[in-house]
Structure formats: C-alpha cells, structure tokens
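1. Here is the input, now give the coordinates:
(2 chains)
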Amino acid sequence: MSDTAHRVAWTKQRRVGTTMLKIYTMEAILLVIVVVLVVFAPGFATLGNFFNVLRTVSMLGIIAFGMTAVIIAGEIDLSVGAAVALAGCVVAWFSGALSPRIGSVAAVALGVLVAMAIGFLTGVFTGSMRRWFNVPTFITTLALFTALRGAANLITGGFPLTDLPDWFGFLGAGDLVGVPFPVYVFLTVFVLMHVLMKFTSFGRAVYAVGGNAEAARLSGIDVFFVKTMTLAITGVLTAVTGTLIASQIGSGTGNTATGMELDVIAATIIGGTSLFGGKGRVWGTLLGVLLLGCITNGMTLLDVSEYWQYVVRGAIILGAVLLNQVLESAGR
Amino acid sequence: MTQGAIELDGVAKAYGPTLALAPFTHRFEPGRVHALMGKNGSGKSTLIKILAGAVKPTLGRMTISGRPATFDSPVDAFKAGIVTVHQELSLVPVLSVGENIYLGRLPHRRVLGRSVVDWPRVHADATRLLHGMGLDIDSKAPVGSLSVGQQQVVEIVKAMSFEPAILLLDEPTSALASREVELLFDLVRRLRSGGVTMIYITHRMNELFEIADTCTVLRDGRAVGTTAMAATTPDGIVDMMFGDIARAVRPPRRAATRGAPVLTVRGLTRAGAFADVSFDLHRGEVLGFAGLLGAGRTEVLRAVFGADPFDTGTIAVDGNEVRHPSLRRMKALGVGYTPENRKEAGLVQVRSVHDNLCLASLGRIARHGFINRAREKPFVDRQIEGLAIKVPDAQLPVSSLSGGNQQKIVIGNWLNTRPRIMFFDEPSRGIDVQAKQQIFDIMWREAAGGLSSVFVSSEPEELLEVADRIVVMRLGRIVAEVLPSAVTLAELYRLCMEGRPS
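-> Next up is the predicted model:
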C-alpha cells in the first residue's frame, strides 16, 4: 500500500518535473541566449539596442498573437504579410485623398478603420470558405497572399504613396517616455490576447475547437464561428501593424512585409504552439518573438553574414519544434 | 472430394489463462456455405482469424483441401487457398474497379523498351471476371462511384481473382441495404455452384436461412454444435446460442416509475439512415435502445440532438414542438448527448480533465464571457467526486486516463450542464466491468433525481439490467418495444436480429 502510494507520489513528482521543464524551457533558452549575447555581442546590452530589438519585433509580434489563436484553433493564415502591405496602402491612400478635405487626423483615422474592416472581413471570408465550401484555410489564405498584395499595388499604382502628415511618423518611429510607441501597442495586444485566450470562454472554446472540433461541436460550441473570429482578429491586427509600418517607413507601398507571414508563424511555433491545434500559449509566442528578435539582432551585431542568419533561423525553428516533440513524448 | 474441405482437429486458442476457443473438431464440407453464429466474444472471430492465418492456434491440427496446414502468417493461409473478405472495405475509392482488383499486381507490357502497365489487359481480365460472376459492373468505373453493395461485391470479386478454394466472409452484409444484399447473395450462390467453400459470419438470422447450408454455433469459446439449416428453425438456433443463460433472471433493482413524457419523437425519417421512428421518453426513465451495430440507433439520437439533420418528423420537448432543432437549441432545452466514440467525438484529448469537464457548460459557468478557474472548480470537483473519477490532478490531460475514467468525464461534462434529458450512446463500450457498473449506477442515480435518459447498448444483457423499457431498432426502424421483466435475453436477441418475437 505505502509502496503504491510512494510510486504514485513519485510518478506525480516526475510528471510535475517534466511539466515544469516543458513550461519553462522557452524561458530558460531565451535567458541563455540573452546572457550569451550580453557577453559576446558588442553593444547588445545597451538600452538603445534593447528598444531597437523591441521596436523591430513589435511589428510581427502584434500579428503573432493573433496567429497563435488561429493556429491553436487548428487553422493557418498565410496572408498576413500581404494584408500588412494592403493596410499600409489603404491608410496612405486615405491620407492622401481625404486630408485636404477633412483634415489629416480624420483622414488617417478613417483609413485605419477601413483597413481594420478589410482585415476583419478578410478573416470572415477565409472562415466562410472553410465553413461553406470546406476550403482549407491554407489554400484560401495562400490565394489571399497574392491577391491582397496585388490589391495593394493596384491602390498605389506601383509607386509608394508618401502623402502622409508629419505627425503620422510618430506612430511607427516615435518614442513615448523613452520607449518606442510600437512597443506600447505590442504589449497592449499581448495583454488583450493573453486575457482573451486564458480567461474567457471564447479562448477556452478556441482550444477545444483546435483540440477536437467534433467534440467541441457536440458540446454545443459553434466551431466555425470560433475559427472565423480568430482569423478576423488576426486580420484586424494586420491593419494595426500595417499602419505602424507605413508610419515607420513614411509611405504606403505594396512591397512591405514580404515574407512576414513566415516570421510570424515561426515565432508562434518557436513559442510552443502546435500546428496540430489545441495547444499553445500567447505567453509562449511572446517568448518566441523575443527569441527570434534577439537572435537576429545578436547575429547582426556579431557581424554574421545575412545568409548564415537565414540558416540559423531555420535551424532554430526546427530545433524548437523538435524540442517540443521530445518533451511531449517524455511527458507520456 | 477434398478440394476446399476444412478439417479441424482439436483446434484451440488460449490467451494466457483465458480460453478464446476451446478445442474444436469439425469438418467443413467443401462447396458449401457454412454460417458461424454466436454473440460478441463467443469465439467466432478467433476461429476466423485462425483460418486466415492471423492467429496461431495454441493446440490442434488443421487440414485444408486434404493437406495438413500450419499457418505462420496470413500469407500461408493465402497459399493454402484461403482468402478473407473483411467487414471493412479495403478498396481505393478513386481507382477504377479493374485497378482495385489487380492492385499491387498489375500486368505489365513493354512499349518501346520500357515496362508500362498493360491497361487493356487489366480491364479485359477484370471484365471477364465480373461477367463470369454475372455482374454488370464497368471495370473502368471508379470504385467510389459504386453503391456500398456493389463495392462489397467488387471486394469479393477481388478475393475471387486469386481463385481461392475457400472464402471467409466476415459480416459482408452489415453495411448493406436489403436490395443490395440480394446482389451479394446471388454472387455467393454462384460461387457455391462453382465449388467454392465459404465460411460466413452474420448476425442476421433470416440471412442464415436464405444463404447458408449449415450453421455452427459458438458460445463462450465453445462450439455448441453444428446443424444443417434444413433441419432447424430460428428458435433452434437461438436455443443453441443461449442455452441456459437465456433463462437467467433479471437482477432486482429500483422500481420503475413513469412520469409525464418529456421527449416525444414522431415519424422521424432520414433517407438511408432511419425511417418513421417514434418514441416517448418519460421523466425519470431509462429507455434502452437495443439493436445490432448499424441498426440506426446512433443516427436517430444524433438527429434528435440536433447534431445531424433529418428529412421529416417532429420532436417535442415537454409537449412543445421544437422547430428547426439545432444542437444549441436542444442543449438550451436541457438535452445532452455522450457520443459512442468518446476518443474521437467526446473528449479534447490534449486538454485537461478540468477543461473537458467544463466544455459543454462553458457558457453557463462563465460570467460575461470571462471564465474563472476558481468558479469552475466546484463544478469539476463535484463530478470527480460524484462519478468517482480516478485522477491525481484535474490539470492532467484526459489522454492520460483509462477508458472508464474518460467515459465518466464525457458524462460529467454533460451533467455539469444540469441536463433534463440525456442520451448515453454505448457508454459501456471498451471499459472494464467495475467502471461499467459505476456508470450504470450513475444512470440510475440521475434517473432517481429526475433525469430522463436514453441508453444505447449493443449488449442486450446490459439493457435488461439497466433499462426500464426497451425499444428495439432494426434496419433503421423501431420494430418492437418491450419491458425487461417481460422478455428473456434470447427473445431480445432474436428481436435485434430478426425484428420478430419468437
């Protein structure tokens, strides 16, 4: 009896041990990398560089939090890079076309709202294709990946739209109390998505839908509504990032954020979100985003060639997934 | 004549101390259709697996077509001229009939020095084979475009393309409509006249008399006997299947009370699945749904629950008709459903026990859309305690639990919604005896508290033990309604198999 009790306690302890390891692996790895970079990378451990890293990762991080929900729900969105470009162009176009008539603030605000609406509706469109025609989101968003970029270039006519008010540059490039403005947006989105996924019934439904759509459906959860909403939220977030990037570079152009979808998905996966759905954390994505940002920044400071940087990032993506799989099977 | 004869001399199979098949000595005459009967776990699958070479007998000798045979693998059985047609189809839907028949051994020819598939020959051979069996099926048609019955027939044609002396047919009609059964029987008769020996497993009594020459009955791993079909009656077969157990008494249990009907289903029909299904469910009642696999019980319950559509019919809760019943609407009316396949449809395996117990009640426990683990905890604890779920920590994923505990979580998930009507679809499948008993106790306890439940089970013993009243479904229709006190196990089995009382 006591032997059994002991064994149970031991198994439990071991389980808790692996769970702890599983939960805090990312934190540990990030810490190690930061320490290594502080020691070896010249100029890494300065406040300026720190905010520089944060500003860079904010742009893709904002979307990565939405992408986390999408992937947990068992779907994918490949169109976010193109959606960012389109959103930037929409904002710039509104600014250029309406500023003389309604003033720059109203024109930009209207542009941002329209960009958000477009992002939201794009998500609804993708979700609807999934629901009514059973088109995988991979396919729909792959189509949008080219279509949205085409639309962005149609708006600009192939030339950057630079007719933006001066104050607009603050959003992407300005500082507030010494901290880059995009970082505030980034952290706000993080908190909102964290709360949404962890403390609302919607968030719980996202996990259930991605973990087992049929079980979720039979429990009375509207599977497609949940999936569609994750896509729509991500669409809105692409408009946020699109606005910030347009502000940062001072123009709306159809060629921004090329390949961003891959970085966004990579950060999400590095953060431990499972492409099979049902598993993942917004907090993990935050770590994934920071990890990717630190590595890229560190390698640049260490003067590693750009080509090697690509190879290293690829290795990190694969390594992170492998690590998760290994820990997963160790926990069984 | 020994070609096609199967002689068994004391063939037995034991798994550890459990005897799956007691020593069995018998000679299956060649060129006949031999039926195997017996309820689940009677040993007929073991016998078939031994003949197919999938299982090695512990004892005994086999002689196939006059030659001693020892099978180390299915390949050996195949070489001895035995081919099995399984219940599940093994055809590739997108490939043509001919391609499926010769899959993995397509004939080749040389064109310009290269070896290519000889398509004209594939289809010529397949067509000859099909026509030889009196079948008018296009060899070039994709298998997916055929009806299930035609596919089953193609499966048999494929088996026959190996020219076996012996064909093992494992419930080939279980998925077929009656018209398609005829197609299959025609083929079986034709093969018999061609001298093929067939071992035929079925649960349908009337098929037995239509197609079989002899029937061997197994019970609890023992061959009870073999009889020529001409010399017996359905009653004779049922007596052989059950012997003394048929007269076992029902265990004493609570007095059944019958309140007002809370759920009324009238004339529910969905083409191809079920037809004209009507039943009442009363307050505090456990209504059993008996029938064979594929009788349409799950389909009816899922339709009533709003998970699947239906064509015509009405559903009323508390006497008020539910128009356009959707899953969410039925749930709001206090209806719950635990699916038969808990792994695939009942649980989110990667999520915790806690999350799974709060899945159906997500909206109820949340406040303004926000969930709070502390608020949920009493709900989780109540079910873990009330259902005696063995789990060291509610945050562990459900995949780490045993089948019985998983089933209890599926039930607990719904009990947390405070349902008034519950559909338990095969809640006892694949779980141990103790867990089974606990789940029955839960059903009774909830029934005493006013819950009305429908209990689906493919084990008539369980229905007799648990249900207050039993409706029997067969081929998508309700064929009988009985009280457990007024029916014997054998009678209930016959109702499930034949749809007629004895």
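2. Now the closest residue to chain B within the stretch 201-332 of chain A: closest residue in space, sequence neighbours ignored.
-> The nearest approach of the stretch 201-332 of chain A to chain B comes at residue A:211, 3.6 Å away (CB to the nearest CB). C-beta here means a position set from N, CA and C on the backbone, and glycine is covered the same way. What sits nearest to residue A:211 in space, not counting adjacent residues and going by CB to CB, 6 or more residues apart in numbering or on different chains, is residue A:278, at 2.9 Å.
3. doesn't residue B:350 make contact with the one you found?
-> Yes - using CB atoms under 8 Å, residue A:278 is in contact with residue B:350, at 4.4 Å.
4. still on that earlier bit, so what's the residue nearest to residue A:211 up against?
-> A:72, A:74, A:207, A:208, A:210, A:211, A:212, B:348, B:350, B:351 (CB atoms under 8 Å, 6 or more residues apart in numbering or on different chains).
5. so it sits in a strand?
-> No - Residue A:278 is assigned coil when assessed by DSSP: H, G, I helix; E, B strand; the rest coil, not a strand.
6. From residue A:194, how far off is it?
-> Separation of residue A:278 from residue A:194 (CB to CB, to the nearest Å): 18 Å.
7. Check what pLDDT the residue nearest to residue A:211 gets.
-> What the model reports as pLDDT for residue A:278 is 91.
8. Which residue comes closest to residue B:136 once chain neighbours are left out?
-> residue B:130 (7.7 Å).
9. I would like the residues contacting stretch A:157-168, please.
-> By CB under 8 Å, 6+ apart, the surrounding residues in contact with stretch A:157-168 are A:89, A:92-93, A:95-96, A:99, A:104-105, A:108, A:155, A:246-247, A:250-254.
10. ok so, going back, find residues that contact each of residue A:278 and residue B:350.
-> With CB under 8 Å, 6+ apart as the test, residue A:278 and residue B:350 both reach residue A:211.
11. looking at chain B, which helix or strand is least sure?
-> Ranked by mean pLDDT, DSSP states H and E, the helix or strand of chain B with the weakest confidence is helix B:234-242, at a mean of 80.
12. what's near enough to touch residue 204?
-> Defaulting to chain A. So residue A:204 contacts B:355, B:358, B:359, B:362, B:371 (CB under 8 Å, 6+ apart).
13. my question was about chain B
-> Residue B:204 makes contacts with B:173, B:292, B:497, B:498, as judged by CB under 8 Å, 6+ apart.
14. Just confirm the last one contacts residue B:207, I think it does.
-> In this case it means residue B:498. No - with contact defined as CB under 8 Å, residue B:498 does not reach residue B:207; the gap is 10.0 Å.
15. what's the most distant pair in the contacts of residue A:204?
-> For the contacts of residue A:204, the maximum inter-member distance is 11.6 Å, found between B:359 and B:371 (CB to CB).
16. So these two - more neighbours on which side?
-> More neighbours surround residue B:359 than the other of residue B:359 and residue B:371, with 29 against 21 (other CB atoms under 10 Å in any protein chain shown).
17. quick one: the strands in the stretch 351-500 of chain B?
-> For the stretch 351-500 of chain B, the strands defined by DSSP state E, counting those that start in this stretch cover B:421-425, B:452-456, B:469-474, B:477-482.
18. List the pairing partners of the last one within its sheet, with orientation.
-> Yep, that's strand B:477-482 we're talking about. Partners of strand B:477-482 in the sheet, by DSSP bridges, are strand B:469-474 (antiparallel).
19. Between strand B:452-456 and the strand it pairs with, find me the angle.
-> Per axes from the mean of the first three to the mean of the last three CA atoms, to 10 degrees, the angle that strand B:469-474 makes with strand B:452-456 is 40 degrees.
20. got a list of contacts for strand B:469-474?
-> Residues contacting strand B:469-474 (CB under 8 Å, 6+ apart): B:256, B:274, B:277, B:279, B:285-292, B:295-297, B:300, B:463-464, B:478-484, B:487, B:492, B:495-499.
21. would you put the C-alpha positions of stretch B:268-286 in PDB?
-> The C-alpha atoms that make up stretch B:268-286 are tabulated as PDB, following Å, rounded to 0.1, in the frame of the first residue of the first chain:
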ATOM      1  CA  LEU B 268     -38.600  10.800 -37.600                       C
ATOM      2  CA  THR B 269     -37.100   9.900 -41.000                       C
ATOM      3  CA  ARG B 270     -33.800  10.400 -42.800                       C
ATOM      4  CA  ALA B 271     -33.500   8.600 -46.200                       C
ATOM      5  CA  GLY B 272     -30.900   5.800 -46.000                       C
ATOM      6  CA  ALA B 273     -30.500   6.000 -42.200                       C
ATOM      7  CA  PHE B 274     -33.800   5.600 -40.400                       C
ATOM      8  CA  ALA B 275     -37.500   5.700 -41.100                       C
ATOM      9  CA  ASP B 276     -40.600   6.500 -39.200                       C
ATOM     10  CA  VAL B 277     -39.000   6.400 -35.700                       C
ATOM     11  CA  SER B 278     -41.500   7.300 -32.900                       C
ATOM     12  CA  PHE B 279     -40.900   7.000 -29.200                       C
ATOM     13  CA  ASP B 280     -41.700   8.800 -25.900                       C
ATOM     14  CA  LEU B 281     -39.300   9.300 -23.100                       C
ATOM     15  CA  HIS B 282     -40.800   9.800 -19.700                       C
ATOM     16  CA  ARG B 283     -39.500  11.700 -16.700                       C
ATOM     17  CA  GLY B 284     -37.000   9.700 -14.600                       C
ATOM     18  CA  GLU B 285     -37.000   6.900 -17.100                       C
ATOM     19  CA  VAL B 286     -34.100   4.900 -18.500                       C
END
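22. now that stretch: how far from the chain's centre is it?
-> The chain centroid and the centroid of stretch B:268-286 are separated by 20 Å under CA atoms, centre = their mean, to the nearest Å.
23. So for that stretch, what gets flagged as buried?
-> B:268-270, B:273-275, B:277, B:279-286 (16 or more other CB atoms under 10 Å in any protein chain shown).
24. all strands for the stretch 51-200 of chain A, in order.
-> Under DSSP E, counting those that start in this stretch, the stretch 51-200 of chain A gives strands at A:175-176, A:179-180.
25. and the first one, what's its mean pLDDT?
-> So the one you mean is strand A:175-176. 90.
26. Could you do the last one as well?
-> Average pLDDT, strand A:179-180: 92.
27. try stretch B:325-336
-> Mean predicted confidence for stretch B:325-336 is 93.
28. neighbouring contacts of that stretch?
-> A:217-218, A:220, A:222, B:263, B:304-307, B:315, B:317, B:322, B:360, B:414-415, B:417-423.
29. Out of these, which end up buried?
-> Using 16+ other CB under 10 Å, the buried ones in the contacts of stretch B:325-336 are A:217-218, A:220, A:222, B:263, B:304-307, B:315, B:317, B:322, B:360, B:414-415, B:417, B:419-423.
30. Chain neighbours aside, what residue packs nearest to residue A:125?
-> Take residue A:125 and drop its neighbours on the chain: the residue closest to it by CB to CB, 6+ apart is residue A:140, 7.4 Å away.
31. I'd say that neighbour and residue A:128 touch.
-> No - contact criterion CB under 8 Å: residue A:140 and residue A:128 do not qualify, at 9.1 Å.
32. Name the residue in the two with the higher neighbour count.
-> Legend: neighbour count by other CB under 10 Å for residue A:140 and residue A:128, higher for residue A:140 (25 against 16).
33. Which single residue of the stretch 301-450 of chain B approaches chain A most closely?
-> Taking CB to the nearest CB, the stretch 301-450 of chain B has residue B:348 as its residue nearest chain A, at 3.6 Å.
34. Run through the residues that contact that residue.
-> Shown in contact with residue B:348 (CB under 8 Å, 6+ apart): A:207, A:208, A:211, A:212, A:215, A:216, A:278, B:355, B:356, B:359, B:398.
35. 6 Å instead?
-> The contact partners of residue B:348, by CB atoms under 6 Å, 6 or more residues apart in numbering or on different chains, come to A:208, A:211, A:212, A:215, B:356.
36. Residue B:356 too?
-> Taking CB under 6 Å, 6+ apart, we find residue B:356 in contact with B:347, B:348, B:398, B:409, B:413.
37. For residue 225, the count of nearby residues, please.
-> Went with chain A since none was named. If you count neighbours by other CB under 10 Å, residue A:225 ends up with 13.
38. oops, chain B please
-> By other CB under 10 Å, neighbour count at residue B:225 equals 14.
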